[in-house]
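Student: What shape does this take:
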Amino acid sequence: MKQNSMLAMVLAGGRGSRLKDLTNKVAKPAVSFGGKYRIIDFPLSNCANSGIDIVGVLTQYESVLLNSYAAAGRNWGLDSKDSGVFILPPREKADGNLDVYRGTADAISQNIDFIDSYNPEYLLILSGDHIYKMNYSKMLAFHREHKADATIAVIGVPKKEASRFGIMATDEEGRIVEFQEKPKVPKSNLASMGIYIFNWKLLRKMLLSDMKNNESHHDFGKDIIPTLLNDGKLLYAYKFKGYWKDVGTIDSLWEANMDLLDDTNELDLGDPSWKIYTEDATERPQYIGADAEVKNSYITQGCRVEGKVESSVLFTGTSVASKAVVKDTVLMPGSAVEEGAKVTRALVANGVRIGKGAVVGNAKSEEILLVANDVEGVK
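Tutor: Numbers count the residues shown, from 1 in each chain. As a prediction, the model looks like this:
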């Protein structure tokens, strides 16, 4: 890699416990989304579209599927002699156990040698579990223009949700003057998107110091960014305009899928100018039966619909039998709704079967029902 270039590191080791049974056996970034995609397709596609050739994916929790999936850099055109997606799990200790990542900063610290081998001037750090489309090269241009030491992508969020995020206070020019990590009383609504650009030499020096600090959380939000501010470094907020969703809960994952049904949705997965790449599915075209009813729904290849589907998202290989009704629901890959069953306001996990005549979900429920196990039909 040439000097003055940027290398990307994707933090993809989180457990995603708020997604409950969906992440019992797979890492959160490997969870399915939008009919045929996985969550990690978004940051990797953004890298490919932004001209970033080398991407390190830092994995940890239930990473077998994620490792095999992301290692196939060809899915995103990152498989030439000058490009690649590299899987970076925690290192093995002398006793044979893995030295687990202690925090987001520690995940980068453990891979300093990998980063140094490409001699980048800038390091792009990404969360691997958000749904969005973003041109990182424009963010880098902003970083260079302001001669920043670090740039953090931010987005305005409702004040009532601000306490869930790292919150930025800025001056009139966009320079960050204060950073609050998940504050109880937020001073602004500019939330960190978990997207950072650092000058690598400066960050490298800080990480080496942080590794030796036994009182540190080894975390960007709790340690690295506050230290940069205390040291008087130039930190700027890059304001993102567009679709961005933190899909960390069942409700938010359901909502992000439902957003695809809106013709004016800014995510627009069909946009040819900014494609979201994924693994090619070897499935037949979708089949819509002669007596089927489909209204305002997202039907992916390999689906078979013979019942009624309304305001729902059907992933690859799902089926809805005759006289079945699926409304306001996400059916994840390989799930099946059998004859006469009714599913409302739910998210049905991969491969789950809703038995004949079963009734699942409630249109008046405030929370989305996760159906993670087979539901017996009416006998």
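
Student: got a pLDDT number for Glu215?
Tutor: Reported pLDDT at Glu215 in the predicted model: 91.

Student: Run a quick neighbour tally on it.
Tutor: 5 (other CB atoms under 10 Å). Every residue, glycine included, has its C-beta placed from N, CA and C.

Student: give me the element it is part of.
Tutor: Under the criterion DSSP states H and E, no helix or strand holds Glu215.

Student: cool, Leu208 as well?
Tutor: Assessed by DSSP H and E, Leu208 sits inside helix 200-211.

Student: In terms of secondary structure, what does that helix contact?
Tutor: When contacts are defined as 3 or more CB pairs under 8 Å, 6 or more residues apart in numbering; DSSP states H and E, helix 200-211 packs onto helix 104-109, helix 112-116, strand 122-127, helix 225-230.

Student: Let me know the pLDDT of Lys245.
Tutor: Lys245 is assigned a predicted lDDT (pLDDT) of 92.

Student: repeat for the one 3 residues further on
Tutor: Predicted confidence (pLDDT) for Gly248: 87.

Student: now swap in Lys205 and tell me
Tutor: 97.

Student: Tell me how many other residues surround it.
Tutor: Lys205 - counted by other CB under 10 Å - has 11 other residues nearby.

Student: Could you do Asn362 as well?
Tutor: Other residues close to Asn362 by other CB under 10 Å number 12.

Student: Could you pull up the contacting residues of it?
Tutor: Applying CB atoms under 8 Å, 6 or more residues apart in numbering, we find Asn362 in contact with Thr344, Arg345, Leu369.

Student: does it count as helix, strand or coil?
Tutor: Three-state assignment for Asn362 (DSSP: H, G, I helix; E, B strand; the rest coil): coil.

Student: picking that back up, how about the helix holding Leu208: buried residues?
Tutor: For helix 200-211, the neighbour count (16 or more other CB atoms under 10 Å) marks Trp200, Leu203, Arg204, Met206, Leu207, Asp210, Met211 as buried.

Student: What of stretch 209-224?
Tutor: Asp210, Met211, Ser216, His217, His218, Asp219, Phe220, Gly221, Lys222, Asp223, Ile224.

Student: For the first one, which non-adjacent residue is spatially closest?
Tutor: Distances taken as CB to CB, 6 or more residues apart in numbering put Ser216 closest to Asp210, at 5.2 Å, once the chain neighbours are dropped.

Student: Please apply the same query to the second one.
Tutor: Closest residue to Met211 apart from its sequence neighbours, by CB to CB, 6+ apart: Ser109 at 5.2 Å.

Student: neighbours around that neighbour, how many?
Tutor: For Ser109, the count of nearby residues is 19 (other CB under 10 Å).

Student: my guess is it meets Met206, correct?
Tutor: No. In this structure Ser109 lies outside contact range of Met206 using CB atoms under 8 Å: 9.5 Å.

Student: give me the number of residues near Leu369?
Tutor: 18.

Student: dump the residue contacts of the spatially closest residue to it that is not a sequence neighbour.
Tutor: Distances taken as CB to CB, 6+ apart put Ala346 closest to Leu369, at 4.3 Å, once the chain neighbours are dropped. The neighbours of Ala346, taking CB under 8 Å, 6+ apart as the test, are Asp328, Thr329, Val330, Val360, Gly361, Ile368, Leu369, Leu370, Val371.

Student: Equivalent analysis for Arg353, please.
Tutor: Shown in contact with Arg353 (CB under 8 Å, 6+ apart): Ser335, Ala336, Glu338, Asp374, Val375.

Student: How about Gly242?
Tutor: Listed by CB under 8 Å, 6+ apart, the contact set of Gly242 reads Tyr132, Lys133, Met134, Glu266.

Student: Which one (most neighbours) among the residues you listed?
Tutor: Highest neighbour count within the contacts of Gly242: Met134, with 24 neighbours (other CB under 10 Å).

Student: my guess is that one contacts Cys47, does it?
Tutor: No. Judged on CB under 8 Å, Met134 makes no contact with Cys47 at a distance of 9.9 Å.

Student: what residue is smack in the middle of this structure?
Tutor: Closest residue to the average C-alpha location of the chain: Asp129 at 2.1 Å, with CA atoms, centre = their mean.

Student: any idea how far that residue lies from Ala324?
Tutor: 32 Å (CB to CB, to the nearest Å).

Student: and if you look at Ala30?
Tutor: From Ala30 across to Ala324, the span is 29 Å (CB to CB).

Student: next one: Phe220
Tutor: Phe220 is 47 Å from Ala324, by CB to CB.

Student: cool, and Gly13?
Tutor: Applying CB to CB to Gly13 and Ala324 gives a distance of 39 Å.

Student: What count of nearby residues applies to Thr344?
Tutor: Around Thr344 there are 19 residues (other CB under 10 Å).

Student: Might one say that it is in contact with Ala324?
Tutor: No. Using CB under 8 Å, Thr344 is not in contact with Ala324, being 11.6 Å away.

Student: before we move on, the earlier item: so how do I select the buried members of the contacts of Arg353 in PyMOL?
Tutor: To isolate the buried members of these in PyMOL, using 16+ other CB under 10 Å:
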select buried, resi 335+336+338+375
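
Student: Let me have the contacts of Arg353 in a markdown table, extended by distance to Ala191, pLDDT and secondary structure.
Tutor: Listed next are these as a markdown table, based on distance: CB to CB, whole Å; pLDDT from 0 to 100; DSSP: H, G, I helix; E, B strand; the rest coil:
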| residue | distance to Ala191 | pLDDT | secondary structure |
| --- | --- | --- | --- |
| Ser335 | 33 | 97 | coil |
| Ala336 | 39 | 98 | strand |
| Glu338 | 42 | 98 | coil |
| Asp374 | 39 | 97 | coil |
| Val375 | 37 | 96 | strand |
